[in-house]
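Participant: Structure for this input, please:
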Amino acid sequence: EFWPALEQPTLQKSKLDWDFVVGNAPEGKTAIGTYGGWNLAVFEASQHKEAAWKLIQFLTREDVNGDVVELVPANMKAAKSFLAANRKGADLIIPHLESASPRPLSPRYLEVADIEVTLAQDVFSGMEPQKAAGKACTAIDALN
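Facilitator: Coordinates of the predicted model:
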């Protein structure tokens, strides 16, 4: 995770003297985050699927995407120009985006994400990481 790529607009308005904090992967590994969001969808029951799809295609175009989002665009070409114009340390953020993956398609994604949040909270609260990971794995396995 590369902080504070997302929080910069708030931090830039504050009086805090802030800089970047990088969470690194283990030696020899590359950190892989996620990009994208839950913002755009075409519902199965929509009476306007074609129009909705055209809107999504328009909003995610390289020349449009950065102008219609507040967070870093998932479109990499749009992200590069967006970061250069709107974020400190764009050159440090880009490598993290280049190794990111889309969120997995899963009907249980929100439940797994909630378990991951609990895992992080457990570790930050002092639980041994191995124990917290085991607890999370048990919870994820119980979803099946």
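Participant: how about the longest helix along the chain: buried residues?
Facilitator: In the chain, with assignment by DSSP state H, the single longest helix is helix 109-124. Using 16 or more other C-beta atoms under 10 Å as the test for burial, helix 109-124 gives 112, 115, 119, 122-123. Heads up, the C-betas are built off the backbone N, CA and C, glycines and all.
Participant: now for it, which elements pack on it?
Facilitator: helix 129-141 (3 or more C-beta pairs under 8 Å, 6 or more residues apart in numbering; DSSP states H and E).
Participant: which strand residues sit across from the most centrally placed residue in the chain in the sheet?
Facilitator: In the chain, the residue lying closest to the centroid (C-alpha atoms, centre = their mean) is Y35, at 4.0 Å. Residues in a beta bridge with Y35, per DSSP bridges, are P102.
Participant: quick one on the thing from earlier: for the longest helix of the chain, what is the average pLDDT?
Facilitator: Helix 109-124 shows a mean pLDDT of 94.
Participant: now the angle between helix 129-141 and it, please.
Facilitator: Interaxial angle, helix 109-124 versus helix 129-141 (axes from the mean of the first three to the mean of the last three C-alpha atoms, to 10 degrees): 160 degrees.
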